[in-house]
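Enquirer: Sequence plus the predicted model coming up.
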Amino acid sequence: MHILTALLFVGAGSAAAVVGQSKAVPARPPDVVYIPTPSEVVTAMLRMASVNSSDVVYDLGSGDGRIVIAAVKEFGAARGVGVELDAARVEEANENARRAGVRDRVEFRRQDLFDTDLSPATVVTLYLQPVVNLRLRPKLLAELKPGARIVSHAFDMGDWAPVESRTVNGRPLFLWTIPPR
């Protein structure tokens, strides 16, 4: 899944604690409207990123968990982490992971993607809006290690040219690699 983000709603909301998490989750609406990523696009995104058994895949705005579940189950990723503000989607993702038999290798966090430590990720997947991608770009460049891959469904990152782009069933996909420091 993924959700399209409009950070126009980021405000001064109060924080609500979430059981099992050290960080409070902001009491604000999700950044984007939930729109599931079609399965053929999920597969294309993970193929573009060359996901393999050494990867830790983070999906920002993970919705029902389909991308990290596919990364682990179909591509053999070592681990998958979904980051999602919507508590109902996190619950759904956990149930989907249980049904897929990958609950031991995936984690779904009810957390703000801007507060999430991305440094363990070797692959990051996105289905956010342009304003969110642009706001997220400095964080990705600062926290991800050189060689980490980022794949975005539908939206680019402004003047940061992708190393690859393609269209799958009319949907644009973009791939970037974190450059050496």
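Expert: Received, thanks. Residues are numbered from 1 along each chain as shown.

Enquirer: Isn't Val57 up against Ala77?
Expert: Yes: using C-beta atoms under 8 Å, Val57 is in contact with Ala77, at 4.9 Å. In this view, the C-beta of every residue, glycine as well, is placed from N, C-alpha and C.

Enquirer: so where's the chain shaky on pLDDT?
Expert: Counting by pLDDT under 70, the chain has low-confidence residues at 1-28, 31.

Enquirer: need the strands for it, in chain order.
Expert: All strands of the chain, identified by DSSP state E, fall at 3-5, 15-16, 25-26, 32-34, 56-60, 79-84, 106-110, 123-126, 149-153, 164-168, 171-177.

Enquirer: Which one of those strands lies nearest to Met45?
Expert: Smallest distance to Met45 across those (C-beta to C-beta): 4.5 Å, for strand 149-153.

Enquirer: Quick one: neighbours of Phe114, just the number.
Expert: Phe114: 15 surrounding residues under other C-beta atoms under 10 Å.

Enquirer: now do Ser39
Expert: 11.

Enquirer: how close does it get to Ile69?
Expert: Shown here: Ser39 relative to Ile69, a distance of 11 Å by C-beta to C-beta, to the nearest Å.

Enquirer: do Phe75 as well
Expert: Using C-beta to C-beta, Phe75 is found at 10 Å from Ile69.

Enquirer: Show me which of those two is the more surrounded one.
Expert: Just comparing Phe75 and Ile69: by other C-beta under 10 Å the higher neighbour count belongs to Ile69, 29 against 19.

Enquirer: Leaving out chain neighbours, which residue sits closest to that one?
Expert: The spatially closest residue to Ile69, leaving aside those adjacent along the chain, is Ala100, at 5.1 Å (C-beta to C-beta, 6 or more residues apart in numbering).

Enquirer: Please apply the same query to Pro172.
Expert: Leaving aside its sequence neighbours, Pro172 sits nearest to Ala154 (C-beta to C-beta, 6+ apart; 5.9 Å).

Enquirer: Let me see the contact set for that neighbour.
Expert: Applying C-beta atoms under 8 Å, 6 or more residues apart in numbering to Ala154 gives the contacts 4, 127, 171-173.
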